[in-house]
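Engineer: how does the following fold in three dimensions:
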Amino acid sequence: MAIDGAGKTVATLKPKEKFDFFHDERVRSVAYQILTACVVGWLAWYLISNTAHNLQVRGMNTGFGFLSATAGFDTDFKLIEYKPGVGTYGRIFLIGCLNTLLVSFFAIIFSTVLGFAVGVLRLSSNWLVARLALAYVEIVRNTPLLLQIIFWYVGVFALLPRVKNSLDLSAGAEVAFLNNRGLYTAWPVPDDLFWMTIVAFLAAVVGVFVLRRWAHKRQDETGKQFPIWSASIALLIVLPYLVYLASGSTLNWDVPTLQGFNFAGGAALPPAFLALLVALVSYHAAHLAEAVRAGILSVEKGQTEAALAIGLRPKKAISLIIIPQAMRAIVPPMISLWMNVVKNSSLAIAIGYSDVVALFMQTALNQAGYAVEMVGMTMAFYMFISLSISGVLNIYNKRVQLEER
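Structural biologist: Okay, here's the model as predicted:
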């Protein structure tokens with residue numbers, strides 16, 4: 001629109017835009033994507049075809065038919081039933097994956113708890129406590145993880161007393177023993193009706209989640225706090241126990257007993273598992289402690305002063321005000337740390353723990369000879385676990401981030 005000399009509004013025509021195929025931004029964007037896809041596809045085709053040709057020239061077998069073939073070796077630690085000469089290579093792969101997930105699961109939990117504790121202690125006003133936390137972080141963080149694994153295996157667990165002189169960790173109850181062959185503990189043996197107690201426990205977990213949301217909503221509306229922790233613990237204990245009594249179910253315990261040169265019965269964890277677990281926990285907790293410390297320091301000092309000014313105690317101020325805000329800076333490095341825990345567990349091959357690398361990509365590979373398939377399956381397993389951890393924590397990370405309005 002334009003105004004002429006008489007003050008009247010006159011419609012003006014916009015010049016027609018000319019379409020230039022070679023200089024249009026949308027065309028370039030689509031063309032670059034197609035070109036990239038073609039290059040990636042060609043590289044994948046070249047690698048696959050070249051690998052298949054080389055294997056065929058050398059007379060090496062290919063395919064995944066070996067997974068149904070029987071494996072002729074045994075493993076010292078397994079979570080599922082397996083017999084050598086009967087079990088297959090596919091079951092060996094499953095055993096290795098479960099062993100890796102077991103040590104990684106406990107390492108992630110313990111390293112997270114220890115990392116948060118040490119990170120808070122790094123900022124303690126007590127000089128001795130803060131310096132001890134600093135010494136732990138600097139010593140452990142600057143020492144190679146492989147050396148720490150070997151140290152715990154050779155220098156600690158290998159020097160424990162022999163089986164006959166086992167350490168009783170149950171303070172005389174004789175249900176948990178530690179020696180140079182591993183940790184032996186009692187194992188529960190439930191009856192047929194014990195599933196009702198398990199269902200009650202799961203219902204209690206759901207109840208705790210609902211109670212937590214209600215308590216937070218109530219606090220936002222009225223400002224009154226509800227004892228979430230004590231109520232949650234009571235719900236998790238009381239409800240399953242009442243169902244346990246009402247169902248008349250029994251829970252027996254398989255206690256380890258010394259028979260000959262070793263313990264029989266109960267559950268057992270080999271020294272390699274214990275050494276790997278302790279090394280993974282101590283190493284990654286030191287790294288997480290620095291992320292926690294940096295996250296706490298990223299919160300403005302005024303937040304702490306305001307929390308103390310309204311009457312909150314220092315511990316309450318940290319747990320209710322500081323840590324929730326610091327999680328925005330803690331979660332991103334924690335994602336990488338959790339993934340590194342799983343990937344670094346592959347160093348168990350140095351001390352003979354039967355993880356997926358040692359069991360499937362070493363022993364099984366030496367017998368079956370399907371190197372490409374076995375290495376590819378192992379890589380796919382680690383990639384799947386890493387992407388799963390990243391996906392779950394990224395969802396949580398989006399929830400704790402600030403939303404601009």
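Engineer: which residues in the stretch 301-405 of the chain form helices?
Structural biologist: Using DSSP state H, counting those that start in this stretch, the helices of the stretch 301-405 of the chain run over 301-309, 314-317, 323-344, 356-358, 365-368, 371-400.
Engineer: what are the buried residues along stretch 253-271?
Structural biologist: Residues 255, 256, 263, 266, 268, 269, 270, 271 are the ones in stretch 253-271 that count as buried (16 or more other C-beta atoms under 10 Å). Every residue, glycine included, has its C-beta placed from N, CA and C.
Engineer: now those residues as TSV including pLDDT, secondary structure and distance to residue 248?
Structural biologist: Listed next are the buried residues of stretch 253-271 as TSV, based on pLDDT from 0 to 100; DSSP: H, G, I helix; E, B strand; the rest coil; distance: C-beta to C-beta, whole Å:
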residue	pLDDT	secondary structure	distance to residue 248
255	86	coil	23
256	88	coil	28
263	85	strand	32
266	83	coil	25
268	89	strand	31
269	90	strand	33
270	91	coil	37
271	92	helix	40
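Engineer: output the residues you listed in CSV; the columns should cover distance to residue 390.
Structural biologist: Listed next are the buried residues of stretch 253-271 as CSV, based on distance: C-beta to C-beta, whole Å:
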residue, distance to residue 390
255, 42
256, 39
263, 40
266, 37
268, 34
269, 29
270, 30
271, 32
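Engineer: closest to residue 336 among those residues?
Structural biologist: When the buried residues of stretch 253-271 are compared for distance to residue 336 (C-beta to C-beta), residue 269 comes out closest, at 27.9 Å.
Engineer: residue 76 versus the closest one, what's the distance?
Structural biologist: Residue 269 sits 11 Å away from residue 76, going by C-beta to C-beta, to the nearest Å.
Engineer: quick one: low-confidence parts of the stretch 251-400 of the chain?
Structural biologist: For the stretch 251-400 of the chain, applying pLDDT under 70 flags the ranges 400.
Engineer: hang on, residue 211 packs against residue 228?
Structural biologist: Yes: between residue 211 and residue 228 there is a contact at 6.8 Å, judged by C-beta atoms under 8 Å.
Engineer: relative to helix 371-400, how tilted is the helix or strand harbouring residue 29?
Structural biologist: Following DSSP states H and E, one finds residue 29 within helix 25-57. Per axes from the mean of the first three to the mean of the last three C-alpha atoms, to 10 degrees, the angle that helix 25-57 makes with helix 371-400 is 150 degrees.
Engineer: any idea of the mean pLDDT for helix 25-57?
Structural biologist: For helix 25-57, the mean pLDDT works out to 79.
Engineer: following it in sequence, what is the next regular element?
Structural biologist: Beyond helix 25-57 toward the C-terminal end (DSSP H and E), the next one is helix 89-121.
Engineer: which helices and strands sit right next to the next helix-or-strand element following that following helix?
Structural biologist: As assigned by DSSP H and E, the chain's next helix or strand after helix 89-121 is helix 127-141. Counting contacts by 3 or more C-beta pairs under 8 Å, 6 or more residues apart in numbering; DSSP states H and E, helix 127-141 is packed against helix 89-121, helix 271-298.
Engineer: how about the ones you listed, which one is nearest residue 174?
Structural biologist: helix 271-298 (19.9 Å).
Engineer: rewinding a little: reformat the helices of the stretch 301-405 of the chain as JSON lines; add distance to residue 34 and mean neighbour count.
Structural biologist: Shown next, in JSON lines, are the helices of the stretch 301-405 of the chain (distance: least, C-beta to C-beta, whole Å; neighbours: other C-beta atoms under 10 Å):
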{"stretch": "helix 301-309", "distance to residue 34": "51", "mean neighbour count": "13"}
{"stretch": "helix 314-317", "distance to residue 34": "56", "mean neighbour count": "14"}
{"stretch": "helix 323-344", "distance to residue 34": "32", "mean neighbour count": "19"}
{"stretch": "helix 356-358", "distance to residue 34": "38", "mean neighbour count": "24"}
{"stretch": "helix 365-368", "distance to residue 34": "39", "mean neighbour count": "15"}
{"stretch": "helix 371-400", "distance to residue 34": "26", "mean neighbour count": "14"}
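Engineer: quick one: which of these is nearest residue 169?
Structural biologist: Nearest to residue 169, of the helices of the stretch 301-405 of the chain and by C-beta to C-beta, is helix 323-344 at 25.2 Å.
Engineer: for the closest one, name the packing helices and strands.
Structural biologist: Checking 3+ C-beta pairs under 8 Å, 6+ apart, helix 323-344 ends up next to helix 89-121, helix 271-298, helix 371-400.
Engineer: minimum distance to residue 355: which of these has it?
Structural biologist: helix 89-121 (4.5 Å).
Engineer: show the average pLDDT along that closest one.
Structural biologist: Here the average pLDDT along helix 89-121 is 93.
Engineer: try stretch 124-138
Structural biologist: 91.
Engineer: what residues sit buried inside that stretch?
Structural biologist: 133, 136, 137.
Engineer: which one of these is nearest to residue 233?
Structural biologist: residue 133 (28.1 Å).
Engineer: just to revisit the earlier point, residue 319: which of the buried residues of stretch 253-271 is nearest?
Structural biologist: residue 269 (32.9 Å).
Engineer: partners of the closest one in the sheet?
Structural biologist: Note on residue 269: beta-bridge partners by DSSP bridges are residue 183.
Engineer: wait, doesn't it sit right on residue 181?
Structural biologist: No: Residue 269 is beyond contact range of residue 181, at 10.0 Å (criterion: C-beta under 8 Å).
Engineer: most tightly packed of the helices and strands packed on helix 127-141?
Structural biologist: helix 271-298 (a mean of 22; mean count of other C-beta atoms under 10 Å).
Engineer: and that one, what does it pack onto?
Structural biologist: helix 89-121, helix 127-141, helix 145-150, strand 182-185, helix 323-344.
Engineer: let's see that with 10 Å instead.
Structural biologist: With contacts taken as 3 or more C-beta pairs under 10 Å, 6 or more residues apart in numbering; DSSP states H and E, helix 271-298 sits against helix 89-121, helix 127-141, helix 145-150, strand 176-179, strand 182-185, helix 323-344.
Engineer: fine, thanks again, bye for now.
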